[in-house]
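Asks: Could you work out the structure for the sequence below:
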Amino acid sequence: MSAYDPHEPLIAPARRSAAPGWLVLGVLVTVIAFIALNVGWFAAIRAMPDAGTIFEEIASGTTVRGMALLLGSFSCLVAALWVAVRLVHRRSMLGLLGPWRVFWGQGWRVFRLCIVLYVVVFLMPMPEEIAPTRAKDFGYWLTLLPISLGLLLLQCGAEELLFRGYLQSQLAARFRSPIVWMGLPSLLFALLHYEPGVYGGAAIWMVVWAGVFGLAAADLTARSGTLGPAIALHMVNNFTAMSLMSLEGYWDGLALYTLPFGPEDTEKLLWAMPLEAGVLLCGWLTARIALRR
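Replies: Next comes the predicted model:
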């Protein structure tokens, strides 16, 4: 018996259109629909009176409005994927999540344990030169919390639906090797995080980190048979990075605390990467423990 036998409920619906040609067509439809919807999304923003200021806020993510519009744009990805899944593969979008009750049960168990882990890490003392500072009043941050959680669920859910729910299941229906159905979506996920204009000399390490995260999420999806654990881990990770403690001056519009450096500070980013990798490893192991309960 393989550890990945639970993956079958996600793979079975993909077998009807498992030929590589169908996947290529599905990806093309997703990309075209996403571009069209994204153009419409930002055209609507361009029609606003203070569009120039809004676009600056979206680019930096330093305001609540900028982060809301940035993360809200992931609805375009969900809609585009729905078009491809329905038209090309004749699959249900909800089917990408796995059995509904199991999805929620596994996701909630992983979410609870990972929250405990990340809170413990957050409360650990940090060197004075990188210690976070309060960016928002706690009461105001609490009022933003439902909005932040909703936006993060949209963003993380959209990415997991595409890379683990759709690409991974379609590839697994055609290829037996995990190197293919885990590796290719994780590689694509990693490459889309390559932003040398933002992270400078640390950009390649952000790609490596994203690739490792993709493999961890792929493993959890195959072991559980739903997207619940992957979305939970992804959401806790992004909540910590965007809503709890963010880089200064970049995607910190929803954050309670900010670190005293931005993405352009390569030296401090590289110093933090081993810590980030260790937390990710612990998060993955915590999720594995939650799935065994």
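Asks: From here on, just use CA atoms for contacts and neighbour counts.
Replies: OK.
Asks: Which stretches in the protein count as helices?
Replies: Applying DSSP state H to the chain gives helices spanning 8-11, 20-46, 51-60, 64-72, 74-87, 100-123, 138-160, 169-174, 178-181, 183-191, 196-199, 203-224, 228-238, 266-292.
Asks: Mind putting these into TSV with mean neighbour count, distance to E129 and mean pLDDT?
Replies: Putting the helices of the chain into TSV (neighbours: other CA atoms under 10 Å; distance: least, CA to CA, whole Å; pLDDT from 0 to 100) gives the following:
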stretch	mean neighbour count	distance to E129	mean pLDDT
helix 8-11	23	46	96
helix 20-46	16	39	97
helix 51-60	16	23	95
helix 64-72	19	27	97
helix 74-87	20	35	98
helix 100-123	17	16	94
helix 138-160	17	23	97
helix 169-174	23	44	97
helix 178-181	16	41	96
helix 183-191	20	29	98
helix 196-199	14	20	92
helix 203-224	22	22	97
helix 228-238	26	23	98
helix 266-292	16	10	92
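Asks: I'd like the ones you listed laid out as TSV, including distance to P132.
Replies: Listed next are the helices of the chain as TSV, based on distance: least, CA to CA, whole Å:
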stretch	distance to P132
helix 8-11	41
helix 20-46	33
helix 51-60	19
helix 64-72	19
helix 74-87	28
helix 100-123	10
helix 138-160	14
helix 169-174	40
helix 178-181	39
helix 183-191	27
helix 196-199	19
helix 203-224	21
helix 228-238	17
helix 266-292	13
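Asks: Quick one: closest of those helices to A255.
Replies: helix 138-160 (7.7 Å; CA to CA).
Asks: which outside residues touch the closest one?
Replies: 68, 71-72, 74-75, 77-78, 227, 230-231, 234-235, 238-239, 243, 254-256 (CA atoms under 8 Å, 6 or more residues apart in numbering).
Asks: Nearest the geometric middle of the chain, what residue?
Replies: C156 (3.7 Å; CA atoms, centre = their mean).
Asks: does I231 really touch G107, like I thought?
Replies: Yes: contact status for I231 versus G107: in contact at 7.2 Å, counting by CA atoms under 8 Å.
Asks: tally of neighbours for M245?
Replies: M245 has 22 neighbours, counted by other CA atoms under 10 Å.
Asks: Tell me who's in contact with it.
Replies: P132, D252, A255, L256, Y257, T258, L259.
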